[in-house]
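>>> Next comes the sequence, and after it the predicted model I'd like to discuss.
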Amino acid sequence: MKFIELFAGIGAFRLGLERTGHECVWANEWLEKPRSIYGRNFGEQPDGRDIRDVFARDIPDADLLVGGFPCATFSTAGKRTGFSLEDTRGTLAFEMFRLARDKRIPYLLFENVKGLLNHDGGRTFGVILEVLDAMGYDCQWELLDSQNFGVPQHRERVFLIGNLRGSPRPKVFPIGRASRNDDESNQEKQSGRQGFFSDISPTLDAHYYKGGNSRPYVVEQWRRGYFREFKSAGTPTLTANMGLGGHNVPFIRPILDVVRVNKSPNGRMIKDHNDPMYTVTAQDRHGVVIEGENSLAIRKLTPLECERLQGLPDNWTEFYHDGKKVSDSERYERCGRTITISVVEAIGRKLHEFY
């Protein structure tokens, strides 16, 4: 399928769909920094206009329109203003729908936070469905968790496919989880683990970059009953196959709040081995306990680890198009705002089944 990518960011939809044989013919991203990172990786920068200034005549013909419109107004970590006159980010969804309608694009695909489904008692999502229905689109959707698609991160996002009436209706959902081959399943049985990885990371979000007390950590060493930040250059880096053998890391356990270790929240502060990680919110203080023999410690995740948790190629966010290095704070933000690549790939493969 030929597709157009809106709210392109650093190109997650493009990367995942092109890996599965689809072709991007046009993209739009009005923020300069992610647009520059996109240009570095794809050799061309997206159109930089505000989407409200883009019209059907400005874009090429395509089979599919994709985008992850701003989610802060629907997130449980934000103020949940939704469709508001005070915060118009939520209304940008309708700009995407407008272009699909005016260009008569047969299919559309969007992604957003889980909170979109229950925002305002479900009425916000109902409005979206009513608008798309009035425009002639039938819809199907599913809440997908990244940890089921080959990355160790608990990240629930709703994906919706719309098809213009008169176009073949795709059977994309339910996907549920990516399939795994027999060798991988056998490896899990031999190790006695329930999941693909030793443990699951928190959901990455755009607040990771703010630093201070609002940042996730990796716990690596524990001395005399207290946690300390471990800044040694020799600390191990998390990889997608940690826990699958040969890494000298026997246990990786999720920790809820590295800043308030001695406080007792409702529930457990540190989960058991093989439990999924807590979902990170805007207060993002979660981390991972890497437990060695008689030792534990704490450190911040690296930008590289955040890229891997989103399924991005290593160092995808490291440079701008002109070769200048991206700051760590910007890299954290870009990883927090992007879409998990392996989830997009799973959808991309399903799109081939009908088109």
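Cool, the structure landed.

>>> so who does residue 135 touch?
Residues in contact with residue 135 (CB atoms under 8 Å, 6 or more residues apart in numbering) are 97, 100, 101. Glycine gets a C-beta too; all of them are placed from N, C-alpha and C.

>>> got those residues as TSV, with secondary structure and neighbour count columns?
Formatted as TSV, the contacts of residue 135 follow (DSSP: H, G, I helix; E, B strand; the rest coil; neighbours: other CB atoms under 10 Å):
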residue	secondary structure	neighbour count
97	helix	21
100	helix	27
101	helix	20
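
>>> how close does the nearest residue to residue 105 once chain neighbours are set aside sit to residue 8?
Nearest residue to residue 105, sequence neighbours excluded (CB to CB, 6 or more residues apart in numbering): residue 65, at 4.7 Å. According to CB to CB, to the nearest Å, residue 65 stands 12 Å off from residue 8.

>>> again with residue 167
Counting by CB to CB, the gap from residue 167 to residue 8 is 24 Å.

>>> Counting neighbours, go ahead and name the busier of those two.
Using other CB atoms under 10 Å, the more surrounded residue of residue 167 and residue 8 is residue 8, with 27 against 18.

>>> any idea whether that one is helix, strand or coil?
When classified by DSSP: H, G, I helix; E, B strand; the rest coil, residue 8 comes out as coil.

>>> Quick check: it touching residue 27?
Yes - if you go by CB atoms under 8 Å, residue 8 and residue 27 touch, sitting 4.4 Å apart.

>>> Touching, residue 157 and residue 113? I think so.
Yes - under the criterion of CB under 8 Å, residue 157 makes contact with residue 113 at 6.4 Å.

>>> End to end on stretch 116-123, go ahead and measure it.
With CA to CA, to the nearest Å as the measure, the ends of stretch 116-123 fall 9 Å from one another.

>>> Nearest residue to residue 306 in space, please, no chain neighbours.
In space, residue 306 is closest to residue 335, 3.9 Å off (CB to CB, 6+ apart).

>>> Residue 310 versus that neighbour, what's the distance?
5 Å.

>>> Identify the contacts common to those two.
residue 204.

>>> Measure how buried residue 319 is and give me the count.
Residue 319: 15 surrounding residues under other CB under 10 Å.

>>> Nearest to residue 323, out of the contacts of residue 135: which one, please.
Of all the contacts of residue 135, residue 323 sits closest to residue 100, with 36.1 Å by CB to CB.

>>> correct me, but the closest one touches residue 65?
Yes - using CB under 8 Å, residue 100 is in contact with residue 65, at 4.8 Å.

>>> any shared contact partners between the two?
With CB under 8 Å, 6+ apart, residue 100 and residue 65 have common neighbours residue 108.

>>> right, and residue 106 touches residue 64 too?
Yes - the pair residue 106 / residue 64 is scored as a contact, 7.4 Å apart, by CB under 8 Å.

>>> just to revisit the earlier point, quick check: bridge partners of the residue nearest to residue 105?
Beta-bridge pairing of residue 65 under DSSP bridges involves residue 4, residue 108.

>>> so what pLDDT did it get?
What the model reports for residue 65 is a pLDDT of 98.

>>> Go ahead and confirm it touches residue 104.
No - applying CB under 8 Å, one finds residue 65 not in contact with residue 104, separated by 10.6 Å.

>>> Looking at the two, which has the bigger crowd around it?
For residue 65 versus residue 104, the count of surrounding residues by other CB under 10 Å is larger for residue 65: 24 against 12.

>>> Return the distance of that one relative to residue 132.
According to CB to CB, residue 65 and residue 132 sit 12 Å apart.

>>> related to what we said a few turns ago, so can I have a markdown table of the contacts of residue 135 showing pLDDT and distance to residue 302?
Below are these laid out as a markdown table (pLDDT from 0 to 100; distance: CB to CB, whole Å):
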| residue | pLDDT | distance to residue 302 |
| --- | --- | --- |
| 97 | 93 | 38 |
| 100 | 95 | 38 |
| 101 | 94 | 43 |
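
>>> nearest spatial neighbour of residue 47, skipping sequence neighbours?
In this structure, residue 47 finds its nearest non-sequential neighbour in residue 28, 4.6 Å apart by CB to CB, 6+ apart.
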